[in-house]
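[1] one predicted model, sequence on top.
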Amino acid sequence: MHASKKRLELKSDINNEIKMNLLKYFGCCAYKIVNNVGRDLVLLLIRISMIYIFFKSGVAKINDWESTLFLFELEYAVPIIPYELAAYFATFFELTMPFLILIGFCTRLSAVPLLMMTFVIQFVLGAANPAYDHLSHYHWMLLLSVLICFGGGRISLDWLFCKIFCKKKCKTDSKADSKLPQFDSEESSKP
């Protein structure tokens, strides 16, 4: 009876060890999935939201160019550059940069002009006219800053071109993979 009790305890210890190793393994896998795929999906959603915000505004400017020039001359009146040039720049950037951001081509560089435009809207126009002082502009600035800091992620042309043309590991590849605990059956058998 004593020997069978020891066998049950040993079997229970082995089962617990197997369960712990499986939990450790699946925990590492889940972490990798959330860390890598989750981040890339969030960056893709940010990129999609940017096209909706800015491209829609650029199309509205193109559809009624006379009103756009009128608004840039009297309402927006950006200091330093002539209103016609400001209207052309704003329209160009609102039509091209969101598309580049959406496909993930030069994502960081493409987000910079949109961030600068949002700064001007919020802090130059918003200071002159409280009607342009919106909380949503801070949201846009935050999202564009995330794109500038992290790039387009793995679901982008930037990452694809980096993989094809760069010999080194892409910066968008997760460095967290090397920091993850590795599944090792010998480590779990140590006391």
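    Thanks, I have it.
[2] now do stretch 132-150, average pLDDT.
    Mean pLDDT, computed over stretch 132-150, is 92.
[3] what's the answer for stretch 43-62, then?
    93.
[4] give me the contacts around it.
    Outside stretch 43-62, the residues that touch it by Cβ atoms under 8 Å, 6 or more residues apart in numbering are 68, 87, 90-91, 93-95, 97-99, 101-102, 104, 107, 111, 114, 140, 143-144, 146-147, 150-153, 155-156. Yep, even glycine has a C-beta here, placed from its N, CA and C like the rest.
[5] what is the least confident helix or strand in this protein?
    helix 185-189 (a mean of 44; mean pLDDT, DSSP states H and E).
[6] mind listing what's buried along stretch 83-98?
    Tyr83, Ala86, Ala87, Tyr88, Ala90, Thr91, Phe93, Glu94, Leu95, Met97, Pro98 (16 or more other Cβ atoms under 10 Å).
[7] just checking, the first one touches Glu73?
    Yes. Between Tyr83 and Glu73 there is a contact under Cβ atoms under 8 Å: 4.4 Å.
[8] so how far is Thr68 from Gly84?
    In this structure residue 84 is Glu, not Gly. Distance of Glu84 to Thr68, given as Cβ to Cβ, to the nearest Å: 10 Å.
[9] now do Phe55 against Ala127, distance only.
    27 Å.
[10] looking at the two, which is more packed in?
    For Phe55 versus Ala127, neighbours defined as other Cβ atoms under 10 Å are more numerous around Phe55 (18 against 10).
[11] in stretch 68-82, what's buried?
    For stretch 68-82, the neighbour count (16+ other Cβ under 10 Å) marks Thr68, Leu69, Phe72, Tyr76, Val78 as buried.
[12] inside helices: which ones of these?
    Those of the buried residues of stretch 68-82 mapping onto helices are Thr68, Leu69, per DSSP state H.
[13] now distance to Val42 and pLDDT too, for the buried residues of stretch 68-82, in CSV please.
    Converted to CSV, the buried residues of stretch 68-82 look like this (distance: Cβ to Cβ, whole Å; pLDDT from 0 to 100):
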residue, distance to Val42, pLDDT
Thr68, 33, 94
Leu69, 38, 94
Phe72, 34, 92
Tyr76, 32, 85
Val78, 33, 79
